[in-house]
Every structure is written in C-alpha cells, then in structure tokens.
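Colleague: Everything below, folded, please.
(2 chains)
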Protein chains: 2
Amino acid sequence: MIAILRINHRSARDKRISTHIGLVARAFLAEKIIYSGEHDESLIDSVNKIKNEWGGKFSAEYSKDYKKTITEYKNKGFKIAHLTMYGLPLESRINEIKKLKNLLIIVGGEKVPRDVYEKADYNLSITAQPHSEVSALAITLDRIAGGKELSHDFKDAKKRIKPNALGKTFY
Amino acid sequence: MIAILRINHRSARDKRISTHIGLVARAFLAEKIIYSGEHDESLIDSVNKIKNEWGGKFSAEYSKDYKKTITEYKNKGFKIAHLTMYGLPLESRINEIKKLKNLLIIVGGEKVPRDVYEKADYNLSITAQPHSEVSALAITLDRIAGGKELSHDFKDAKKRIKPNALGKTFY
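Modeller: Below you'll find the predicted structure:
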C-alpha cells in the first residue's frame, strides 16, 4: 500500500497545490492522502468527493501531528520516502522502492524540518531542479506503477471519460 | 523546439499553479513558456529568475492573445498538442509526437474554449482522471524526453545541487 503524507499545509496559500497533490495521489494509484499542517476540512471533502465520483480505493484524511503519523506508519512496517530536490536521484533507488509492500511518501512544501530528512529511509530527488511537489509526486508514482496508471480503469466509477480526438465524451 | 502555452491565467487564483507549470516546463526540458490570460509580470519575472540561477535555454513571456500565438506557431511549422483529460491517451500518440521537430503544448485551466480543441493537432489525455495541469505537463514532457530530464545537467547553472542521502548540498 502506498500512502502520501502532505506536511505543512497552509489553508490560504496552498489550497490548490494541496488539492492537486491529493488528486495526483489517487489518479496515480496511491491509496491514501494524509494532510498535516492547518486543518482544512473543505480540502479533504473536495478530494474525497472526487474519489466518490471517479472511483478507486482511496481516502483523504487529516493528521494533527505529522511526527506521530510517521512513527505510526514506521511501526506498521512502512518505509518512508521523502521527496526533496536535495535527495538522491529517484532512478538510483527505484528498483528497491518498487519492491516495497508498504510505502509512505512525504511531500513537503517550503522549509521542511530536519527531522523529516532524518526519519526518512529515502530522501529522493526528481531531477535536482526546482519545479513542483505535484510533478515530483506524479513522476515518483508513475515510476512505481511502471506507467500503468495511464490506462488504469477505476471499476466503481460513477464518472468515466471516453477518449475523444476532438470533444468531451462521458460514458 | 518545445514551447508551452498556458492559457486563461488568473493572477490571484492561479499564481502558484502557473509558476509550477513554468518551472516544470524548464526542468523537463521545454525551451519556452508563454502565459496568456491576465498579465502578471511578477509571474514571468519569477520564472525567468529561476532560469537565471539554475541555467538552461529557457524563457518566459506573455501573450495578450493566445489565438494569435497559436496561429503564429502553426505558421512557423509547429504542431499543436492540447492537454485535456477528455483527449486521446498520450501513450497512443507518443511515438508520433516524439518525432516532431517543433511542438507547442497548450495547458489550459478550467473551461477551455472549443476553438482550442479544434485548432490542436492532438488533444491528449494523461490518464482520463482529474488531477493537475502540473502533473499532466510533467508526464508529457517526461515521455517526450524519454526520462532524460531526470539526470539532465544545465551547463550554465549558477546554482547546482549535489545529491545527498540526508541533507542539502550545493556545488
């Protein structure tokens, strides 16, 4: 199982980025997103609403204390990967990571505290360039899924798109 | 040459998403981002500033009229790819797209006008699920670059990161 932990969420500034992180988590086949930082119930509701319409085994929830959450997941046998532009290249560790049964991926924002680096089993960079938490998470999950997310069918979906060369079609 | 056209930018609501799109464009080896919609000079400055520090052949600019920009690029021989969750799967067209010399990738937001679908040579979906313009662009450019962006070295960089298993190191 893959879970995502988004730390340091700030309601005003991060709303759309944090929403996009939740949607990427689901579309790229993780099973859970945990938001930490400022408590923003509307963020959690909006991500769960997408899941209810578009299907999948997924849920969004809140954690008041991300350190506790990390410890809890470690105790459940999860390995911890922290995405940071300062880390080791994703591609140098991907074969090892793909074999893991349970993985918690931490997605930070600005100024991630030192203890996150220390608690992580892997500090991983997706390019060593500045870009986005959203794209870093997408590429990581894409490599873990081996590209299978691109054609994944969510069985219990109420909404489904039929690919169309020109317009918009729902099933 | 790959250029990105971000349409319908709204200064207040889209600032961070549009910034992330610009940074993804550069880090994933496109050469230009053109922003259309509300004119936001600070957005363009912040993306160009990253380029000046981190290197690469890249620039950000503004277009008052995205329709004119599309026509201009078509006349210069560019093919147009529009990223939309309603389009044909990226993977079904990627071999064709990789062969193109000049490509303009259009990244919309909500409610993209019909004429964009019609002017595009390709309407492409990156999964047929809701996620993010940022991740859709990253996966598209990743597939075009065949993953080479992950280890790309920007020759004229003033700032460079040395991969580190635990902390932060600049060269």
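Colleague: C-alpha only now, for contacts and for neighbours.
Modeller: OK.
Colleague: so after the lengthiest helix in chain A, what's the next helix or strand?
Modeller: For chain A, the helix with the greatest residue count under DSSP state H is helix A:11-27. Using DSSP states H and E, the next helix or strand after helix A:11-27 towards the C-terminus is strand A:32-37.
Colleague: circling back to that earlier point, any idea how far the longest helix of chain A is from the chain center?
Modeller: Its chain's average C-alpha position is 9 Å from that of helix A:11-27, according to C-alpha atoms, centre = their mean, to the nearest Å.
Colleague: What number of residues are in the vicinity of residue A:74?
Modeller: 18 (other C-alpha atoms under 10 Å in any protein chain shown).
Colleague: hmm, back to that, show me what counts as buried in the longest helix of chain A.
Modeller: Buried positions in helix A:11-27, judged by neighbour count with 16 or more other C-alpha atoms under 10 Å in any protein chain shown: A:11, A:16-27.
Colleague: what does it contact?
Modeller: A:4, A:6, A:9, A:31-33, A:38-40, A:43, A:46-47, A:50-51, A:56, A:58, A:60, A:133-134, A:137-138, A:141, A:149, B:16-17, B:127, B:129-132, B:135 (C-alpha atoms under 8 Å, 6 or more residues apart in numbering or on different chains).
Colleague: Write a PyMOL command that selects only the buried members of the residues you listed.
Modeller: In PyMOL, a selection of the buried entries from the contacts of helix A:11-27 looks like this (16+ other C-alpha under 10 Å):
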select buried, (chain A and resi 4+6+9+31+32+33+40+43+47+50+51+56+58+60+133+134+137+138+141+149) or (chain B and resi 16+17+127+129+130+131+132+135)
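Colleague: Among the contacts of helix A:11-27, name the ones in strands.
Modeller: Assigned to strands by DSSP state E, the following of the contacts of helix A:11-27 qualify: A:4, A:6, A:9, A:32-33, A:60.
Colleague: what number of residues lie near residue A:65?
Modeller: Neighbours of residue A:65 under the rule other C-alpha under 10 Å: 12.
Colleague: Skip the chain neighbours and tell me the closest residue to it.
Modeller: The shortest distance from residue A:65 to any non-neighbouring residue, by C-alpha to C-alpha, 6 or more residues apart in numbering or on different chains, is to residue A:36 (6.8 Å).
Colleague: ditto for residue A:83
Modeller: residue A:124 (4.9 Å).
Colleague: Read off the pLDDT value for the nearest residue to residue A:45 once chain neighbours are set aside.
Modeller: With C-alpha to C-alpha, 6+ apart as the criterion, residue A:45 has its nearest non-adjacent residue at 7.9 Å, and that residue is residue A:60. Among the per-residue scores, residue A:60 shows a pLDDT of 98.
Colleague: if I pick the residue nearest to residue A:149 when sequence neighbours are not counted, what's in contact with it?
Modeller: Leaving aside its chain neighbours, residue A:149 sits nearest to residue A:28 (5.3 Å; criterion: C-alpha to C-alpha, 6+ apart). By C-alpha under 8 Å, 6+ apart, residue A:28 lies in contact with A:138, A:141-142, A:145, A:149-150.
Colleague: what separates the residue nearest to residue A:45 from chain B, distance-wise?
Modeller: According to C-alpha to the nearest C-alpha, to the nearest Å, residue A:60 stands 14 Å off from chain B.
Colleague: tally of neighbours for residue A:164?
Modeller: 18.
Colleague: Enumerate every residue touching the nearest residue to it once chain neighbours are set aside.
Modeller: Distance criterion C-alpha to C-alpha, 6+ apart; nearest residue to residue A:164, sequence neighbours excluded, is residue B:87 at 4.9 Å. Counting by C-alpha under 8 Å, 6+ apart, residue B:87 touches A:163-168, B:122-125, B:128.
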